[in-house]
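Q: Quick one: sequence plus predicted model below, questions after.
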Amino acid sequence: MSKMIRLLVTTDFSDISQDLQEEIYYEYYDFAYGMILYIIKDHAATEDIIQDAFIKIIKNKPVFENEIKLRAWLKVVTKNTTINYLRKNKNYRNQLDVEGVFMYKEEVPQSPVSVENTVETKLIEESITEYMKLLKPEYRVLIEYRWKQGLSYKEISNILELSEDVVKQRLFRARESIKKMLFKEWGIKDEKRKI
């Protein structure tokens, strides 16, 4: 993780120069953009969510003993802000956070309201694990590398000796296959569901 992201949670944001504030914001922007855009599929909405999440982060920053927990916390805040956006905006209620279930989840005390979401997320994660067994082996390995190990497209392409475009294309196909299975089992497109 970059020095700028560490500064985001280790310093009082209002005490640093405007140039450094902008640099930190754009570093977080790069960190969060792909995750959010994957779910929302709308550039303007993604930027709104990034701003909301960034404000939450600078207002509520706990102390972290290591970088892994910091990164996990940033992902949780980003994901939760995105989910809240989906719930508030009817146009996006049918979107699904397939990638999010593979993100490392920090053990954070749960409020009673979020217990239901936690259980549901766990059930969806178990379903996705089962669906992965039905995927082609080349898709399974990509999902392992990308979401469970957190590797970049470039790292995956180097390991598998494939072009980045091929990696992206296969990951897209793998995600679409899993989404179809989830839609079929969970009825995600049902308007009663909020995710």
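A: Perfect, thanks for sending it.
Q: Going by C-alpha atoms from here, please, whenever you check contacts or count neighbours.
A: OK.
Q: Next one: E22, what pLDDT does it get?
A: The model reports E22 with a pLDDT of 87.
Q: Could you point out which residue ranges in this structure have low pLDDT?
A: Scanning the chain with the threshold set as pLDDT under 70 gives 1-2, 5, 9, 65, 90-124, 185-195.
Q: Identify the structural domains in it and state their residue ranges.
A: Here the domain parsing of the chain from automatic domain parsing is 1-95, 96-105+114-195.
Q: Save those as JSON lines, and put in mean neighbour count too.
A: Formatted as JSON lines, the domains of the chain follow (neighbours: other Cα atoms under 10 Å):
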{"stretch": "domain 1-95", "mean neighbour count": "16"}
{"stretch": "domain 96-105+114-195", "mean neighbour count": "15"}
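Q: what sits against R146?
A: Residues near R146 by Cα atoms under 8 Å, 6 or more residues apart in numbering: 152-153, 156.
Q: separation between the closest residue to T10 other than its chain neighbours and K184?
A: Distances taken as Cα to Cα, 6 or more residues apart in numbering put V63 closest to T10, at 7.6 Å, once the chain neighbours are dropped. Per Cα to Cα, to the nearest Å, V63 is found 42 Å from K184.
Q: Which residue is the nearest non-sequential neighbour of S152?
A: Sequence neighbours aside, R146 is the residue nearest to S152 in space, at 6.5 Å (criterion: Cα to Cα, 6+ apart).
Q: swap in H43?
A: In space, and not counting its chain neighbours, H43 is closest to L37: 6.6 Å by Cα to Cα, 6+ apart.
Q: Was I right to think that neighbour contacts T46?
A: Yes. Using Cα atoms under 8 Å, L37 makes contact with T46 at a distance of 5.7 Å.
Q: From I50, how far out is A44?
A: A44 is 10 Å from I50, by Cα to Cα.
Q: If you could redo that for L37, that was the one I meant.
A: Separation of L37 from I50 (Cα to Cα) stands at 10 Å.
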